[in-house]
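[1] here is the input, now give the coordinates:
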Amino acid sequence: MKTKRVRHTPDTLPQLTDEQRQRLAPLAALPDESIDTSDIPELSDEAWKAGIRGRFYRPVKQQITARVDADG
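    Numbering: from 1, shown residues only. As a prediction, this is how the structure comes out:
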């Protein structure tokens with residue numbers, strides 16, 4: 001079964017529903033200090049230096065055809 005791929009950019013995101021806004025309001029009101037991040041270890045500078053940019057990124061390719069005149 002083929003699934004349809006949906007892509008959004010910040011400009012094309014659908015509007016939030018009232019229910020979604022109500023659910024997000026308490027989270028937005030929380031100060032940063034009250035968010036429990038104990039299960040998320042901080043990364044050291046060494047870990048950031050060892051990172052590889054674009055390791056899993058595969059650009060979307062599209063085949064095109066071009067015709068060039070022989071007298072060019």
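[2] in this structure, which spans are helices?
    Counting by DSSP state H, one finds helices in the chain at the ranges 18-29, 45-49.
[3] and these, which one averages the lowest pLDDT?
    Least confident of the helices of the chain, judged by mean pLDDT, is helix 45-49 with a mean of 89.
[4] need the CA coordinates for that one. PDB is fine.
    The C-alpha coordinates for helix 45-49 follow below in PDB (Å, rounded to 0.1, in the frame of the first residue of the first chain):
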ATOM      1  CA  ASP A  45      31.600  19.600  23.800                       C
ATOM      2  CA  GLU A  46      33.400  16.400  22.700                       C
ATOM      3  CA  ALA A  47      30.100  14.800  21.700                       C
ATOM      4  CA  TRP A  48      29.200  17.800  19.500                       C
ATOM      5  CA  LYS A  49      32.700  17.700  17.900                       C
END
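[5] count of neighbours near R67?
    4 (other CB atoms under 10 Å). (Glycine included, C-beta is placed from N, CA and C.)
[6] scratch that, M1
    2.
[7] kindly report the same for the one 10 residues further on.
    Neighbours of D11 under the rule other CB under 10 Å: 5.
[8] I'd like the distance between R7 and M1.
    Distance, R7 to M1, by CB to CB, to the nearest Å: 20 Å.
[9] understood, closing this out.
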